[in-house]
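K.L.:
Task: produce atomic coordinates for the following.
(chains A and B)
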Amino acid sequence: MIQTELAIVGAGPAGLSAAIEARRAGADVLLIDENARPGGQLFKQIHKFFGSRAHKAGTRGINIGTELLRESQELGIRTCLKGEVCGIENGQNLWVVIDRNRSEIVKAKKIILATGATENAVAFPGWDLPGIMGAGAAQTMINVNRVLPGRKVLMLGSGNVGVIVSYQLLQAGADVVAVLEAAPKLGGYGVHTAKVARAGVPFYVSHTVKQAFGTDHVEAVEIVKLDASFNQIPGTEHIMEADTVCLATGLTPLTELAWLAGCKFKYLPALGGHLPIHDDRMRTTKENIFVAGDITGIEEASTAMEEGRLAGINAAADLGYISEEEAKIRSREIWDSLNCLRSGYFGQKRRESKDLMLQTGNEVIQWKIH
Amino acid sequence: MNRIIHHPILGEKKPSKEVVIYVDDKPIIAHEGEMIAAALIANGIFINRYTLHKHKPRGIYCAIGRCTDCIMTVDGVPNIRTCITEVKEGMRITTQKGAGVWQKEDQQ
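P.N.:
Got it, this is the predicted structure:
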């Protein structure tokens, strides 16, 4: 058995930020991640981030990752890599399978779940052929593993993931044959979309993939126009040559551990579906369990880092390392920063859903103060 | 070869130590520390397994260890997620058919 004051599941931007804040305050922290290396998905984000300078805007995700790792090392944060958390009980015991061959119970006073998200799939005839993958999968291959999974790529989805990965595929030497968007309007930030458009990649709004052809691998894709209700319009099909289809059709929070722990959930489609209810200290309905990052709703690494800090500070306060007063002041500052990140055309919907979540959370969550 | 040597942001790929792994008994060159799935793609191999009932080919799908589409039999152990398993010198990998077969006792 391993004992710790604070166990954090997931060493991505949220988990690392939480660990850094809590450790800095003096808490004994154990950071657990199923991967061989910490950093979550930050190391495939080679583009510059958005927001204000205070949110590390203008810095590439990969450099933010390096910086977080440096800080966590300097603070001597205990990290358990290749540790898959397979169970959680009583809000304090984690069952961890380490390196796929050893079972360990981690007993923690507080737990922060920062498990992130997984990519959504879209099913169409042929969607299971080799060569059809998540856009994030292609991004991992080109930017982390430095191998090209295809030469002629069709991107389905024009949100930020779709356009950013399209541009990174071009940087890696692939040809992007088209970006398809089912909605009548493009979904990504203008700056990323424009870069792809300037490179000559055609964008098709109100279009989707009808089917993919190939025997051992994708060889061609049939695309089709959609009407205002997203129904395929017969007669508008057209075939494109492609050896890869990337699906950039959103993400779903990885909430299994929160369900297992018995957390109560709320359904907020603008944030990605069923989400563990949390309050403004990132506490869930289950005593001793906090959440941070994409598990609380699909957003960006910049918001995940701020939420991680919130969870880290408030967990440390619950453990007695930070006074109630100080935790409140620092939390308020972070909320101001988060509200700023959740403003504008793209952030407003998330902000509204987050406000609903906080409203519910602040009503129903009543932990005993230590 | 599908390796990205030059990159406008990431720079030149650092030289890596080469290791030999065997895919269906054929030797291929992999780079130390890389994931099996990446080594396969680098060598032009895109089929990791065939499904149980319809024997349809499968390749990588999520590349972060969630979807299990890229599972193969590695050193006699089936259902290994190749996208998050590092190559090792002399590793023997087989294209998995269906649920795969244990080729030796559990290593424990």
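
K.L.:
Spatially, what comes nearest to A:Val106 if we skip its sequence neighbours?
P.N.:
The spatially closest residue to A:Val106, leaving aside those adjacent along the chain, is A:Leu94, at 4.3 Å (Cβ to Cβ, 6 or more residues apart in numbering or on different chains). C-betas here are computed from N, CA, C, even on glycine.

K.L.:
So which residues on the stretch 151-300 of chain A come close to chain B?
P.N.:
For the stretch 151-300 of chain A, the residues found near chain B under the criterion Cβ under 8 Å from any Cβ of the partner chain are A:Gln171, A:Ala172, A:Gly173, A:Asp216, A:His217.

K.L.:
what two of those are the furthest from one another?
P.N.:
A:Gln171 and A:Asp216 (27.9 Å; Cβ to Cβ).

K.L.:
So between those two, which is more surrounded?
P.N.:
With neighbours defined as other Cβ atoms under 10 Å in any protein chain shown, A:Gln171 and A:Asp216 compare such that A:Gln171 has more, 19 against 13.

K.L.:
Now the nearest residue to that one once chain neighbours are set aside. Its backbone dihedrals?
P.N.:
With Cβ to Cβ, 6+ apart as the measure, B:Pro8 is the residue that lies nearest to A:Gln171, at 5.4 Å, once sequence neighbours are left out. Taking degrees, to the nearest 10, you get phi -60, psi -30 for the backbone angles of B:Pro8.

K.L.:
Report the separation between B:Pro8 and A:Thr303.
P.N.:
28 Å (Cβ to Cβ, to the nearest Å).

K.L.:
neighbour count winner among these two?
P.N.:
Neighbours of B:Pro8 and A:Thr303, each counted by other Cβ under 10 Å, are more numerous for A:Thr303; the result is 26 against 10.

K.L.:
any idea how far the helix or strand hosting the more buried one is from the chain center?
P.N.:
Using DSSP states H and E, A:Thr303 sits in helix A:301-318. Mean C-alpha position of helix A:301-318 versus that of the full chain (Cα atoms, centre = their mean, to the nearest Å) differs by 15 Å.

K.L.:
Over to stretch A:103-110?
P.N.:
25 Å.

K.L.:
ok so, going back, want to throw the residues of the stretch 151-300 of chain A next to chain B into TSV with distance to A:Leu319?
P.N.:
Output for those, formatted as TSV (distance: Cβ to Cβ, whole Å):
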residue	distance to A:Leu319
A:Gln171	44
A:Ala172	45
A:Gly173	49
A:Asp216	55
A:His217	53
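
K.L.:
Just the ones of those residues in helices?
P.N.:
Among those, DSSP state H puts A:Gln171, A:Ala172 in helices.

K.L.:
Nearest to B:Glu89 among the residues of the stretch 151-300 of chain A next to chain B?
P.N.:
Closest approach to B:Glu89 among those (Cβ to Cβ): A:Ala172, at 27.6 Å.

K.L.:
Verify the stated contact: that closest one with B:Ile5.
P.N.:
No - because the distance of 10.7 Å does not satisfy Cβ atoms under 8 Å, A:Ala172 is recorded as not touching B:Ile5.

K.L.:
And the strands in chain B?
P.N.:
Assigned by DSSP state E, the strands in chain B fall at B:18-23, B:26-31, B:49-50, B:57-58, B:71-74, B:77-81, B:92-94, B:96-97.

K.L.:
same question, the stretch 251-370 of chain A
P.N.:
In chain order, the stretch 251-370 of chain A shows strands spanning A:251-253, A:265-268, A:273-276, A:289-291, with DSSP state E, counting those that start in this stretch as the criterion.

K.L.:
Output those strands in CSV; the columns should cover mean pLDDT and mean neighbour count.
P.N.:
Supplementary listing: these in CSV, determined by pLDDT from 0 to 100; neighbours: other Cβ atoms under 10 Å in any protein chain shown:
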stretch, mean pLDDT, mean neighbour count
strand A:251-253, 96, 19
strand A:265-268, 98, 16
strand A:273-276, 97, 21
strand A:289-291, 98, 29
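
K.L.:
Output those strands in CSV, with distance to A:Gln366 appended to each entry.
P.N.:
Below are the strands of the stretch 251-370 of chain A laid out as CSV (distance: least, Cβ to Cβ, whole Å):
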stretch, distance to A:Gln366
strand A:251-253, 24
strand A:265-268, 16
strand A:273-276, 16
strand A:289-291, 14
